[in-house]
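Trainee: 3D, please:
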Amino acid sequence: MKQLSKEEVIKLFEEHERRWTTIAALDVLSWALFPWPMLKPPSDPEQITYVEVQAYVLSPHHPGDKAPKERIKDYLRRWHPDRFETKLLSKVREGERETVKEGAGAVARHLNKLLSSLSGSAENGLFG
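Mentor: Below you'll find the model as predicted:
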């Protein structure tokens, strides 16, 4: 996979924000509609890795000026199973529902791990 340019990454973030607005209004959702927090769209839950989520969330081209921890918390609000499953999962096509649930769960786990790693390094000083 070729490296995305700064402009392509910025466009991707903009597209993902638009998608979050769109999916809230749709009645039927599918895997492909979700703005998975990765620079390259995954085709299944196994492709959602910690490294990929970290690269996306901590991208230097991320819009806005929020600190990394705040950014992670914003993503967690979207992907947390309680909220995700209540608001969005029921709208996913039945044949894809379990896969989307698995993918969203992977995202939430990686975000929690990332938040813990940032919190841990801040509490332990630079060299922990």
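
Trainee: okay, now residue 53: neighbour count?
Mentor: Neighbourhood size, residue 53 [other C-beta atoms under 10 Å]: 26. C-beta coordinates here come from the backbone N, C-alpha and C atoms, glycine included.

Trainee: which stretches in the chain count as helices?
Mentor: Along the chain, the segments classed as helices by DSSP state H run 6-25, 50-57, 68-79, 81-87, 94-123.

Trainee: got the buried residues for the last one?
Mentor: The one in question is helix 94-123. Judged by neighbour count using 16 or more other C-beta atoms under 10 Å, the buried positions of helix 94-123 are 97, 100-101, 103-108, 110-111, 114-115.

Trainee: run the chain-centre distance for that helix.
Mentor: 8 Å (C-alpha atoms, centre = their mean, to the nearest Å).

Trainee: helices or strands up against it?
Mentor: Secondary-structure packing of helix 94-123 (3 or more C-beta pairs under 8 Å, 6 or more residues apart in numbering; DSSP states H and E): helix 50-57, helix 68-79, helix 81-87.

Trainee: tell me if I'm right that residue 89 and residue 104 touch.
Mentor: Yes - assessed by C-beta atoms under 8 Å, residue 89 is found in contact with residue 104 at 7.5 Å.

Trainee: would you format the helices of the chain as JSON lines with distance to residue 39 and mean pLDDT included?
Mentor: Converted to JSON lines, the helices of the chain look like this (distance: least, C-beta to C-beta, whole Å; pLDDT from 0 to 100):
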{"stretch": "helix 6-25", "distance to residue 39": "7", "mean pLDDT": "95"}
{"stretch": "helix 50-57", "distance to residue 39": "5", "mean pLDDT": "97"}
{"stretch": "helix 68-79", "distance to residue 39": "14", "mean pLDDT": "95"}
{"stretch": "helix 81-87", "distance to residue 39": "21", "mean pLDDT": "94"}
{"stretch": "helix 94-123", "distance to residue 39": "14", "mean pLDDT": "91"}
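
Trainee: would CSV of those helices with distance to residue 43 be doable?
Mentor: Output for the helices of the chain, formatted as CSV (distance: least, C-beta to C-beta, whole Å):
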stretch, distance to residue 43
helix 6-25, 17
helix 50-57, 13
helix 68-79, 18
helix 81-87, 19
helix 94-123, 10
